[in-house]
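J.: Fold the stuff below for me.
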Amino acid sequence: MFCSLPAPTQHTGRSVEYYRWDCMRYCMSMLGSICTCGFLLLVFRWTPIWALQCTHRPSHRKAASRAVIRSTDGQLTVVHIQKPESTPGGDNVLPRCFYFRNLRYFEREQLGCFAPMGYKAAQPFAALLKSSRQGLSVNC
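T.: Below you'll find the predicted structure:
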């Protein structure tokens, strides 16, 4: 198997940057939104990258709760990394994952990255093909 993630960013050399929630940054941004009568929340709604950088701090992959993905077309996308899920029988635990362009990326410990393993069940197959044609490469 290989990891199929977008091209690396110019400023860090990586295509995925990981972030974890920071209480102090969150409190400061909420204080700023109170002082601006909610205008800061509106700005965060328009630019989710700024919201992430003001409420989270950079982290390594294992401790991350969110990620910023730079696709090959240069677009930045914030994704939420879901916690491990157990199966109904409780026997198996599914690894952490996130959705990016209708593909579900699972954490692969042996590869040290996230790899695509499937797509959202509610999405038609045509939507999967349309979204996967752009922005994905084979770099891990």
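J.: from here on, contacts and neighbour counts on C-alpha atoms
T.: Noted.
J.: can you pull out the helices in this structure?
T.: Applying DSSP state H to the chain gives helices spanning 23-35, 39-46, 48-55, 125-132.
J.: what angle separates the second one from helix 23-35?
T.: Counting by axes from the mean of the first three to the mean of the last three Cα atoms, to 10 degrees, helix 39-46 points 120 degrees away from the direction of helix 23-35.
J.: Just put the helices of the chain in a markdown table and tack on mean pLDDT, mean neighbour count and distance to residue 74.
T.: As requested, the helices of the chain are arranged in a markdown table below (pLDDT from 0 to 100; neighbours: other Cα atoms under 10 Å; distance: least, Cα to Cα, whole Å):
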| stretch | mean pLDDT | mean neighbour count | distance to residue 74 |
| --- | --- | --- | --- |
| helix 23-35 | 95 | 14 | 27 |
| helix 39-46 | 95 | 14 | 18 |
| helix 48-55 | 94 | 17 | 14 |
| helix 125-132 | 50 | 13 | 15 |
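J.: Include distance to residue 63 when you put those into a markdown table, please.
T.: As requested, these are exported to a markdown table (distance: least, Cα to Cα, whole Å):
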| stretch | distance to residue 63 |
| --- | --- |
| helix 23-35 | 15 |
| helix 39-46 | 23 |
| helix 48-55 | 15 |
| helix 125-132 | 27 |
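J.: What distance do you get for the closest residue in space to residue 51 that isn't next to it in sequence to residue 38?
T.: Taking Cα to Cα, 6 or more residues apart in numbering, and ignoring the residues beside it in sequence, residue 51 has residue 44 as its nearest neighbour in space, at 4.8 Å. The spacing between residue 44 and residue 38, counted by Cα to Cα, to the nearest Å, is 10 Å.
J.: With residue 27 instead?
T.: Residue 27 sits 14 Å away from residue 38, going by Cα to Cα.
J.: do residue 64 as well
T.: Relative to residue 38, residue 64 is positioned 27 Å away (Cα to Cα).
J.: Have a look at those two and say which one is more surrounded.
T.: Neighbour count, other Cα atoms under 10 Å: between residue 64 and residue 38, residue 64 has more, with 20 against 14.
J.: Appreciated, that's everything.
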